[in-house]
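S.K.: I would like the atomic coordinates for the input below:
(one chain, ligands or ions: 2)
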Amino acid sequence: MGLWVLGSHVRSPTWGAGAAGVALVRRVWCPSVRERPLQGKDGHQAPPRSSRRFSGCQSSCWSPRLQLFRASCSGRVHAKSVCGTGHPDTRNMFWQSTVSPHPAKEMDSTLQLVRNIVPTLAAGKHKGQAGRIGVVGGSQEYTGAPYFAAISALKVGADLSHVFCVREAAPVIKSYSPELIVHPVLDSPDAVPELEKWLPRMHALVVGPGLGRDGLVLDSIRGILEAARSRDIPLVIDADGLWLVAQWPALILGHQKAILTPNHVEFSRLHEAVLSDPVDRTDPRGSILKLSRALGNVTVVLKGEHDLISDGQQVLECNLSGSGRRCGGQGDLLSGSLGVMAHWALLAGLEKTNGSHPLLVAALGACSLTRQCNHQAFSKHGRSTTTSDMIAEIGAAFRELFEA
Ligand SMILES: NC(=O)C1=CN([C@@H]2O[C@H](COP(=O)(O)OP(=O)(O)OC[C@H]3O[C@@H](n4cnc5c(N)ncnc54)[C@H](OP(=O)(O)O)[C@@H]3O)[C@@H](O)[C@H]2O)[C@@H](O)CC1
Ligand SMILES: Nc1ncnc2c1ncn2[C@@H]1O[C@H](COP(=O)(O)OP(=O)(O)OP(=O)(O)O)[C@@H](O)[C@H]1O
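M.R.: Ligands and ions are numbered 1, 2, ... in the order given. Take a look at the predicted model:
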């Protein structure tokens with residue numbers, strides 16, 4: 001159930017920042033805003049891994065739920081139990097692959113693959129090397145979503161985070177954080193050439209958070225996606241970016257560096273648009289495989305109670321416990337984190353990912369990080385947890401999962 005706030009005014013930076021606090025609960029309604037359609041948004045060196053972290057803890061850390069599931073899938077389950085401090089039964093993670101015949105081997109290599117792609121921090125590196133990420137989104141209605149994505153990219157470890165948004169959203173987003181570089185270009189007639197100037201400096205683009213559905217802006221986004229693709233820039237497509245892709249699947253068809261991050265509603269829309277078929281709810285793994293294949297092996301992350309990730313060959317599942325709190329914006333944290341991790345994974349290459357598709361490893365990393373942030377924030381704030389509380393946990397969650 002969303003909370004609707006009447007009378008806020010997002011045009012002013014001052015009110016915008018205040019309104020954003022409220023928007024965490026769902027959305028700010030401005031009398032001046034065009035009403036949206038009722039359907040709504042329809043050098044790499046692995047840090048040494050402590051073997052103590054895993055040794056001798058696998059059986060003691062299985063949750064009853066995971067044991068049950070493992071038993072029911074015997075022979076096909078790739079599982080890893082991660083012993084952390086404090087929450088033994090929430091430290092379980094479980095991946096499943098539909099193709100690999102070596103589950104035991106993969107059991108020991110899941111989180112390690114993510115660790116392998118994390119670049120070392122070294123005095124000899126310069127600003128920008130750890131990642132320059134661009135978030136393309138931010139409209140009159142939605143200023144929180146691009147902020148969440150862009151600040152998450154920085155907190156995960158990118159050096160620079162840009163937001164490309166419409167003119168009216170820019171002062172609002174700037175007022176949230178001095179750390180973001182904000183370009184008010186998306187509703188300019190020159191949006192595509194303006195953004196193209198920056199593309200050579202971008203390591204990855206996250207397209208869609210808070211973008212809205214304005215026809216002229218979406219026309220520019222098509223041009224931006226084509227320009228980014230022609231430069232082989234990794235693309236994370238989320239939220240309203242997925243709505244655009246459902247209208248124009250050719251935009252990302254066969255793009256090996258594209259990742260789509262739909263929730264269930266967005267997944268159904270894409271599935272119907274691309275395969276002309278409704279989703280088979282009894283077979284989510286089959287459905288994600290089919291969609292990824294139909295899109296030319298584009299990586300798809302289907303978010304939900306369990307996150308499913310597929311490159312059209314494998315289906316992985318991220319089952320790390322989060323919490324029951326489903327405040328808006330968690331998908332933005334995921335897409336921003338994924339932008340950085342996609343860059344890291346592609347830079348690290350197949351050697352560091354042990355032959356696995358780098359974007360699968362990046363997606364596993366971003367999903368597990370988002371869920372860990374949710375878990376940690378919930379343990380402190382309970383029902384009042386918001387996405388800002390989760391973002392405050394990114395550093396600790398990252399250390400816990402990938403650097404301990
Ligand atoms: N603070 C900000 O600025 C934020 C801005 N955001 C931005 O908002 C824009 C619109 O995106 P959105 O996802 O919020 O569309 P939204 O109209 O809520 O959903 C449409 C309908 O789908 C349903 N539904 C949704 N999820 C479901 C699920 N998992 N499983 C099942 N059903 C589900 C649900 O239906 P209902 O429950 O109402 O029946 C809902 O009404 C986009 O640009 C995004 O980036 C967000 O990032 C949040 C923070
Ligand atoms: N039922 C659930 N249980 C646990 N985690 C969940 C559940 N549903 C979603 N998540 C997690 O929340 C994160 C965001 O997923 P969600 O489905 O909320 O995306 P979204 O609707 O796109 O978010 P946003 O509000 O940013 O638009 C993902 O990391 C996912 O793993």
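S.K.: run the chain-centre distance for the helix or strand containing Glu351.
M.R.: Counting by DSSP states H and E, the element that carries Glu351 is helix 330-352. Between the centre of helix 330-352 and the centre of its chain there are 8 Å (C-alpha atoms, centre = their mean, to the nearest Å).
S.K.: now for the helix or strand that that helix is followed by, which elements pack on it?
M.R.: On the C-terminal side of helix 330-352, the nearest following helix or strand under DSSP H and E is helix 358-381. Packing contacts for helix 358-381, counted by 3 or more C-beta pairs under 8 Å, 6 or more residues apart in numbering; DSSP states H and E, involve helix 110-117, strand 258-260, strand 299-302, strand 307-310, strand 315-318, helix 330-352, helix 387-391, helix 394-398. Every C-beta, even on glycine, is put in place using the N, C-alpha and C of the backbone.
S.K.: quick one: which of the ones you listed has the weakest pLDDT on average?
M.R.: When these are ranked by mean pLDDT, helix 110-117 comes last with a mean of 90.
S.K.: tell me if the helix or strand following that one is near ligand 1.
M.R.: Proceeding N to C from helix 110-117, the next assigned helix or strand is strand 132-136, under DSSP H and E. No - using C-beta under 6 Å from any ligand atom, strand 132-136 stays clear of ligand 1, with a minimum separation of 10.5 Å.
S.K.: strand 132-136 close to ligand 2?
M.R.: No - under the criterion of C-beta under 6 Å from any ligand atom, strand 132-136 makes no contact with ligand 2; the nearest approach is 12.6 Å.
S.K.: tell me which residues are up against that strand.
M.R.: 146, 149-150, 153, 158-164, 186, 195, 198, 201-209, 211, 221, 224, 241, 336, 339-340, 343 (C-beta atoms under 8 Å, 6 or more residues apart in numbering).
S.K.: how far off helix 330-352 does that strand point, in degrees?
M.R.: 140 degrees (axes from the mean of the first three to the mean of the last three C-alpha atoms, to 10 degrees).
S.K.: how about Gly208, what does it touch?
M.R.: Here Gly208 is in contact with 136-137, 237-242, 244, 335 (C-beta under 8 Å, 6+ apart).
S.K.: next, the angle helix 358-381 makes with the helix holding Glu351.
M.R.: Using the same axes, to 10 degrees: helix 330-352 against helix 358-381 is 140 degrees.
S.K.: who are the packing partners of helix 330-352?
M.R.: Helix 330-352 packs on helix 110-117, strand 132-136, helix 144-156, strand 204-207, strand 235-237, helix 239-247, helix 358-381, helix 387-391, going by 3+ C-beta pairs under 8 Å, 6+ apart.
S.K.: mind saving the C-alpha coords of stretch 262-274 as CSV?
M.R.: What follows is stretch 262-274 as a C-alpha-only set of coordinates in CSV (Å, rounded to 0.1, in the frame of the first residue of the first chain):
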residue,chain,number,x,y,z
PRO,A,262,13.2,-6.5,-13.4
ASN,A,263,10.9,-7.0,-10.4
HIS,A,264,8.0,-9.4,-11.0
VAL,A,265,5.8,-6.9,-12.7
GLU,A,266,8.5,-5.7,-15.0
PHE,A,267,9.6,-9.3,-15.8
SER,A,268,6.0,-10.2,-16.9
ARG,A,269,5.8,-7.2,-19.1
LEU,A,270,9.1,-8.0,-20.8
HIS,A,271,8.2,-11.7,-21.1
GLU,A,272,5.0,-10.9,-22.8
ALA,A,273,6.5,-8.3,-25.1
VAL,A,274,9.5,-10.4,-26.2
